[in-house]
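In: turn this into a model:
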Amino acid sequence: MIDGLRSYPEMKPSGLAWLGDVPAHWDVRRIKTLLKEIDSRTKTGEERLLSLRMRQGLVDHIDAGGKLIPPESLVNFKIVEPGQVVMNRMRAAAGLFGVAGVRGLVSPDYAVFEPKPDAFSPYLLQAFRLPSLSAVFRAESKGLGTGESGFLRLYTDRFGPIPVPYPPLGEQRLIVRFLDWHGAQTAKLIRAKKKIIALLNEQKQAIIHRAVTRGLDPNVKRKPSGVPWIDEVPEHWEVVTMRRVIRRAVDGPHHSPNYLDGGIPFLSARNVRADRWLLDDVKFISEADYSEFCRRIKPEVGDVLYTKGDTTGVARVVDLQFRFQVWVHIAVLKVLNSKIESKYLSTALNSARCYEQAQLLTRGATNQDLGLGRMKNILFGLPPLSEQKSILAFLREASRKIDRVADAVKREVDLIQELRTRLISDVVTGKLDVRTFAASLPETIEAESIDDVAEDDDPDQAIEDAESQEAAA
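Out: Sure, this is the predicted structure:
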């Protein structure tokens, strides 16, 4: 894609351990010589509220899915003008910076900077997101904890003196032009790879759906199911509601306990996926709260967790070998082992037909929550136990083959992203000369961040939303 890039012909020491040598004609400038902090506050709160996102930068708070905050709660928020640079003090080490495209408001805990005439903000944003500079930002942050908990802040008096590489202004523009072009090409490549992954997942879901609605024998006699959700089922199958195959369904506590830095894991719906557990951000509760909640329900190996609320309709069999508890938006299903395999129940619930029923039953419900009574009415076809085992064995093998291919494509995506990160670092710090290549590119390139094609949700989005809500409180 970028054959022919070479090192600069002459280099010199930068004097910075994290930066190393830089091109001989580059400078190293302190950030305060390029950006000036501005502290302008709103008196009415009538301006539009902006949210700072890791992927999209500064975007409209409502358009980004944020809740409406009344103007009186936004009084004293900081005003940001087009072209100004915004830094999330608590997430500076993660590269959470943005440039305003419109006039608006940001959290009073953010820092707003006006670029000086010889500063080019798009280049500075690339520099501020360098992994090597992130380590410097973290070291210069002040507060409590390690920085991972969000209690450290990078204040302007420590941010300003930090030196950054500074090429001539024209060269900065060429660097950004090159990185925008490369980002667009990389995004197209990653999107193509992820389409392959999506198609593989669709293929797997189609196989699962066919197996749990028609069985494995294409020649078996079928009968009408008698319900609109299911067409025909094998003649020897039953059509049952969930209540017929469970002995108990109980959700977690309806109030939030006091969270701790360690203790008993307390799972919310976001921690449960059909194919994996997402436990990196799991919360913890005390032994006392765990014991209290176990009086209501105690999740055990072999139970099925079924999510309701914001992520209604995801089921997973408990295979965790440690104690945990669940919040109200997870139902713990105790299955009737004489009627159904736990894994078969979770597989059926994750199929398209059951998911559609769960979504429909949720509409109009209080707080958009699929209550225990409603979820028990979900319908599906039920084969005999021996056939359930055969279907599960078939699906394990089919899924294994598809997952093997999908994992290989995912590794290719990871490698592409790693190479992109390394390339940005090499270009922004002067290890690769892109001037000639960039000069051959159009001056205006429709920039496209590879993060915009990321598969998972932005992990910082919930943090940023919480900060906005807290600042407005």
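In: quick check, Leu415 in a helix?
Out: Yes: using DSSP: H, G, I helix; E, B strand; the rest coil, the assignment for Leu415 is a helix.
In: how much space between it and Thr421?
Out: Spatial separation of Leu415 from Thr421 under the definition CB to CB, to the nearest Å is 11 Å. No exception for glycine: its C-beta is placed from N, CA and C like everyone else's.
In: which one of the two is surrounded by more residues?
Out: For Leu415 and Thr421, the more surrounded residue by other CB atoms under 10 Å is Thr421, and the numbers stand at 14 against 10.
In: so for that one, what's the pLDDT?
Out: The score at Thr421 is 93. That number is its pLDDT.
In: list the contacts of it.
Out: Contacts of Thr421 were listed using CB atoms under 8 Å, 6 or more residues apart in numbering, and they are Pro131.
In: how about it, phi and psi?
Out: Note on Thr421: its backbone torsions stand at phi -60, psi -40 [degrees, to the nearest 10].
In: where along the protein do the helices fall?
Out: 121-128, 131-140, 156-159, 169-214, 287-294, 342-349, 352-362, 372-375, 385-428, 435-439, 461-472 (DSSP state H).
In: which elements pack onto the second one?
Out: To tie it back to what came earlier, the one meant is helix 131-140. When contacts are defined as 3 or more CB pairs under 8 Å, 6 or more residues apart in numbering; DSSP states H and E, helix 131-140 sits against helix 156-159, helix 385-428.
In: isn't Lys221 right up against Glu235?
Out: Yes: the criterion here is CB atoms under 8 Å, and Lys221 meets it with Glu235 at 4.3 Å.
In: now the stretch 201-350 of the chain, which segments are flagged as low pLDDT?
Out: Counting by pLDDT under 70, the low-confidence segments of the stretch 201-350 of the chain come to 310.
In: give me that answer again for 50
Out: When residues are selected by pLDDT under 50, none of them lie in the stretch 201-350 of the chain.
In: quick check: can you list the domain ranges of this structure?
Out: In the assignment given by automatic domain parsing, the structural domains of the chain cover 11-167+446-472, 217-382.
In: now the first one, how far from the centre of its chain.
Out: It stands for domain 11-167+446-472. Counting by CA atoms, centre = their mean, to the nearest Å, domain 11-167+446-472 is centred 19 Å from the centre of its parent chain.
In: what about the closest residue to Ala111 other than its chain neighbours, how many neighbours?
Out: If you skip the residues right next to it in sequence, Ala111 has Met87 as its closest partner in space, 4.5 Å away by CB to CB, 6 or more residues apart in numbering. Met87 has 24 neighbours, counted by other CB under 10 Å.
In: who are the contact partners of Met87?
Out: Met87 makes contact with Leu96, Phe97, Tyr110, Ala111, Val112, Phe113, Phe128, Leu154, Phe159, according to CB under 8 Å, 6+ apart.
In: pLDDT score assigned to it?
Out: pLDDT recorded at Met87 is 96.
In: ok, Arg374 next?
Out: 88.
In: quick one: it and Val328, what's the gap?
Out: For Arg374, the distance to Val328 (CB to CB) stands at 15 Å.
In: repeat for Phe159
Out: According to CB to CB, Phe159 stands 42 Å off from Val328.
In: gap between the residue nearest to Ala100 when sequence neighbours are not counted and Pro108?
Out: Distance criterion CB to CB, 6+ apart; nearest residue to Ala100, sequence neighbours excluded, is Val80 at 4.5 Å. Using CB to CB, we find Val80 at a distance of 12 Å from Pro108.
In: please apply the same query to Pro9.
Out: From Pro9 to Pro108 the distance is 48 Å (CB to CB).
In: show me which of the two is the more surrounded one.
Out: A count of neighbours by other CB under 10 Å puts Pro108 above the other of Pro9 and Pro108, at 15 against 8.
In: the more buried one touches Arg41, doesn't it?
Out: Yes: Pro108 sits in contact with Arg41 when judged by CB under 8 Å, with a separation of 7.4 Å.
In: overlap in contacts of these two?
Out: With contacts defined as CB under 8 Å, 6+ apart, the residues adjacent to both Pro108 and Arg41 are Asn76, Phe77, Lys78.
In: looking at those residues, which is nearest Val240?
Out: Each of these was scored against Val240 by CB to CB, and Phe77 proved nearest at 54.7 Å.
In: the closest one - nearest residue in space that isn't next to it in sequence?
Out: If you skip the residues right next to it in sequence, Phe77 has Leu105 as its closest partner in space, 4.2 Å away by CB to CB, 6+ apart.
In: again with Tyr259
Out: Lys283 (4.7 Å).
In: using a markdown table, please lay out the helices of the chain together with distance to Ser14.
Out: Shown next, in a markdown table, are the helices of the chain (distance: least, CB to CB, whole Å):
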| stretch | distance to Ser14 |
| --- | --- |
| helix 121-128 | 13 |
| helix 131-140 | 12 |
| helix 156-159 | 19 |
| helix 169-214 | 16 |
| helix 287-294 | 53 |
| helix 342-349 | 56 |
| helix 352-362 | 55 |
| helix 372-375 | 61 |
| helix 385-428 | 13 |
| helix 435-439 | 19 |
| helix 461-472 | 33 |
